[in-house]
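# Below: sequence and its predicted model.
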Amino acid sequence: MDKTTTGGCLCGAVRYEINGKLRHIVNCHCAKCRRFHGHYGAYTSVPVPHLTLVSQKTLTWFDSVTDETPGVQRGFCSVCGAALFWAPEGRENISVAAGSLDDASELKTIGHIWLSQKAEYYTVSDELPKFQERWES
């Protein structure tokens, strides 16, 4: 996907553009993502310099630090509450909530992470790669 991809929050106050290729989607089942999204988190990822915040007046960053992920911030809209970004300190990429993309038709889900923290109320029964913690490449 070597094109410009756009996205934003539910109310439209936060808008962004991504220039270049997006990683396919990984579903994160950790307790933090479940609380942030109301279910598991579905994320694509891009190099930080490829993300441009077009409108960010209501973008708020929350320090979401755990032992598993020190130095992580989560970005959301302070007006509508839409979950948008997962940004680990010092990494080259930023994760973007797939549901916030205007068009994700060229992406597909490629796996599941943090199944060790998955909630009991649902099952993951597809044939995609599954990891108890981080992605193992």
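Nice, I can see it.
# Every contact and neighbour count from this point should use C-alpha atoms.
Fine.
# What is the subsequent helix or strand relative to the helix or strand bottoming out on mean pLDDT in the chain?
Counting by mean pLDDT, DSSP states H and E, the chain has its least confident helix or strand at helix 31-37, which shows a mean of 92. With elements assigned by DSSP states H and E, the helix or strand that comes after helix 31-37 is strand 41-47.
# what's next to the helix or strand where Asn27 lies, contact-wise?
Per DSSP H and E, Asn27 falls inside strand 25-28. Contacts with strand 25-28, where a contact means Cα atoms under 8 Å, 6 or more residues apart in numbering, come from 40-45, 98, 107-115.
# who does it pair up with?
Looking at strand 25-28 with DSSP bridges, its partner strands are strand 41-47 (antiparallel), strand 109-113 (parallel).
# hey, which of the ones you listed is tucked in deepest?
Each of the strands paired with strand 25-28 was scored by mean neighbour count; the highest is strand 41-47, a mean of 22, by mean count of other Cα atoms under 10 Å.
# can you state the direction angle for the next helix or strand along the chain from that strand and strand 41-47?
The helix or strand immediately downstream of strand 41-47 is strand 51-55, counting by DSSP H and E. Strand 51-55 runs at 110 degrees relative to strand 41-47, counting by axes from the mean of the first three to the mean of the last three Cα atoms, to 10 degrees.
# who does strand 51-55 touch, helix- and strand-wise?
Under the contact criterion of 3 or more Cα pairs under 8 Å, 6 or more residues apart in numbering; DSSP states H and E, strand 51-55 touches strand 15-20.
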